[in-house]
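K.L.:
Build the 3D model from these lines:
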Amino acid sequence: VMNIADTMRLYGQPIFFWIMGTVLMGYAIEKHGLAQRFAIAFLAMRGIGGKTHRLMFAYMFVVGVISMFVSDAATVAMTIPIGMSLVSHAKKLVGARAEKTNFGAFVTLGTFYASVAGGTATIMGVPHNAISVSLLEQFTGRQLGFFEWMRVGAPVFLTLLVAFYGILWVLVRPEIRDIPSGEAYLRAEREKLGGLRVNERRVMFAFAMMVLLFTLPTLAALVLGPEHPAAAWAARALPVWVVPPAMMFLLFTIRSSDHTGAALLTWRDAELHGPWNSMFLVGGAVAMTDALTQFGFVELMGGVIKGLGIGSTVLPYVAASVVGVSTNFISGTALYCSVFIPAAVQIGFNPASMAILIAHLAVGLIFPWAGATAATAFAGGEVDLPRMIKIGVLTTAIFILIVATIHIAMAPFV
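P.N.:
Okay, here's the model as predicted:
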């Protein structure tokens, strides 16, 4: 149905290098110890470490904040060792003998759920967020900015964080209410890290540059006005697709302070830690969607949904339910964007809000095999399969309800 030249053009998607750049930035933060330093520094603050309820909420908040800028799977991989060390320390202090405890299950599932919640807050949070941004641009010509996503992403993140914490506190309330010497343990861990190392400062500089370039077009428009020549230039020169690959090359360029003299990131790092499977999967999915658009599939599906009589209030709940349940079994972000974004246009619901909604819910919470994030958390060994599934079913229902409701309320502002 297409010749080779037209087909190959579909695979030249900027999303490929977007995913590579954002994931490798997260790996650089992990590799040089910034994420661990940030987490321990926050948890070691006075008044947090002694009481379990405060410590657990602070821990989930830290995981969520890291996940705003680092992929959810990488965030779990970075923070779950900190959580497990807290579990081990608490067990020793109180003499707990059980292999699996409520405290361990709370930490495991809290890490998982908080990383999912944090991934909803920004475009950078989860790699598949970029799929929604890309397909929204293809279908409607609209390019979402960093702060536009956060208008709805930040409320979703904070609401989910509180809801997930509440669910876990009710269903797996820790046996340990007080952690003797908990603050002292965390402060000792902080002291072991010492001062900021040279490489940490250099990675921090690259990360700060990434955030600045992401936000500069919006800030310029706010300060100078959208019609000002400088603001218009920033919008043209810095589309969101440019920033992650530019920062990736910066990390390949800045020298490390160790004896090897290598860069902060090397090609070996990219080989071993680059999300090659995700990049090819996503590139192929976006290319297929592009092809389907050319042959009228998108208009067909939009018309079918419109013909069902679903209104703009019901559609977000339908889309949220379909995506939230099915992504425990399949990865279908591109497919669902292809169906529900045109449907939103047809019935008058903000398609940008629909694109973000699909990305928000495209993470399975029920099964360990629902994705890398769930598998990494489950591998901690502190929660068994039946408990994860039972809690995951309830959590998914709350997840769907919260996300759809907030998007209905916030759609006019996105």
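
K.L.:
For the rest of this, base every contact and every neighbour count on C-alpha atoms.
P.N.:
Noted.

K.L.:
count of neighbours near Gly225?
P.N.:
14 (other CA atoms under 10 Å).

K.L.:
Correct me if wrong: it contacts Ala232.
P.N.:
No: the pair Gly225 / Ala232 is not scored as a contact, 9.1 Å apart, by CA atoms under 8 Å.

K.L.:
who's in contact with Met388?
P.N.:
109, 366-367 (CA atoms under 8 Å, 6 or more residues apart in numbering).

K.L.:
I meant to write Leu219 there.
P.N.:
Leu219 touches nothing, counting by CA under 8 Å, 6+ apart.

K.L.:
And it, which helix or strand is it part of?
P.N.:
Per DSSP states H and E: Leu219 is located in helix 198-224.

K.L.:
for the very next helix or strand once past that helix, packing partners?
P.N.:
Past helix 198-224, heading to the C-terminal end, the next element that is a helix or strand (DSSP H and E) is helix 229-237. Packed against helix 229-237 by the contact rule (3 or more CA pairs under 8 Å, 6 or more residues apart in numbering; DSSP states H and E) you find helix 198-224.

K.L.:
Could you check how many residues crowd around Leu196?
P.N.:
When neighbours are defined as other CA under 10 Å, Leu196 has 11 of them.

K.L.:
tell me the contacts of it?
P.N.:
Leu196 sits in contact with no residue, where contact means CA under 8 Å, 6+ apart.

K.L.:
which residues in the stretch 101-250 of the chain form strands?
P.N.:
If you assign secondary structure with DSSP state E, counting those that start in this stretch, the stretch 101-250 of the chain ends up with no strands.

K.L.:
Lowest average confidence across helices and strands of this protein, where is it?
P.N.:
With mean pLDDT, DSSP states H and E as the measure, the helix or strand of the chain carrying the lowest mean pLDDT is helix 297-307 (a mean of 69).

K.L.:
Mind giving me the packing neighbours of the next helix or strand after that helix?
P.N.:
As assigned by DSSP H and E, the chain's next helix or strand after helix 297-307 is helix 315-326. Taking 3+ CA pairs under 8 Å, 6+ apart as the contact definition, the neighbouring helices and strands of helix 315-326 are helix 333-347, helix 351-361, helix 385-410.

K.L.:
Buried residues of the helix holding Leu219, list them for me.
P.N.:
Of the residues in helix 198-224, 199-200, 202-204, 206-207, 210, 213-221 count as buried by neighbour count, 16 or more other CA atoms under 10 Å.

K.L.:
which one of the helices and strands packed on helix 315-326 has the most crowded surroundings?
P.N.:
Highest mean neighbour count of the helices and strands packed on helix 315-326: helix 351-361, a mean of 27 (counted as mean count of other CA atoms under 10 Å).

K.L.:
tell me what that helix is packed against?
P.N.:
The elements that helix 351-361 packs onto, with contact taken as 3+ CA pairs under 8 Å, 6+ apart, are helix 129-140, helix 315-326, helix 333-347, helix 385-410.

K.L.:
I'd like to check what contacts that helix. Which residues are they?
P.N.:
Among residues not part of helix 351-361, those counted as contacts by CA under 8 Å, 6+ apart are 119-120, 128-129, 131-133, 136, 140, 142, 144, 149, 316, 319-320, 323-324, 333, 336-337, 340-342, 344-345, 399-400, 403-404, 407, 410-411, 414.

K.L.:
Was I right to think Thr108 contacts Glu382?
P.N.:
Yes: using CA under 8 Å as the test, Thr108 is close enough to Glu382 to be in contact (6.5 Å).

K.L.:
Between the two, which is the more surrounded one?
P.N.:
Neighbour totals were compared for Thr108 and Glu382, and Thr108 leads with 26 against 20 (other CA under 10 Å).

K.L.:
I'd like to know how far the residue nearest the centre of the chain sits from Ala28.
P.N.:
Closest residue to the average C-alpha location of the chain: Gly119 at 2.3 Å, with CA atoms, centre = their mean. Here Gly119 is placed at a distance of 18 Å from Ala28 (CA to CA, to the nearest Å).

K.L.:
repeat for Met45
P.N.:
25 Å.

K.L.:
Pick out whichever of the two has more residues nearby.
P.N.:
More neighbours surround Ala28 than the other of Met45 and Ala28, with 24 against 13 (other CA under 10 Å).

K.L.:
In contact with the more buried one, which residues?
P.N.:
If a contact means CA under 8 Å, 6+ apart, then Ala28 has 203, 264-265 as its contacts.

K.L.:
Please determine how far it is located from Leu251.
P.N.:
Applying CA to CA, the value for Ala28 to Leu251 is 8 Å.

K.L.:
which neighbours do those two share?
P.N.:
Residues touching both Ala28 and Leu251 comprise 203, 264-265, with contact defined as CA under 8 Å, 6+ apart.

K.L.:
Format the residues you listed as JSON lines; extra columns: distance to Ser312.
P.N.:
Listed next are those as JSON lines, based on distance: CA to CA, whole Å:
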{"residue": "Val203", "distance to Ser312": "44"}
{"residue": "Leu264", "distance to Ser312": "48"}
{"residue": "Leu265", "distance to Ser312": "46"}
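
K.L.:
Could you single out the nearest of those to Leu168?
P.N.:
For the shared contacts of Ala28 and Leu251, the closest approach to Leu168 (CA to CA) belongs to Val203, at 34.6 Å.
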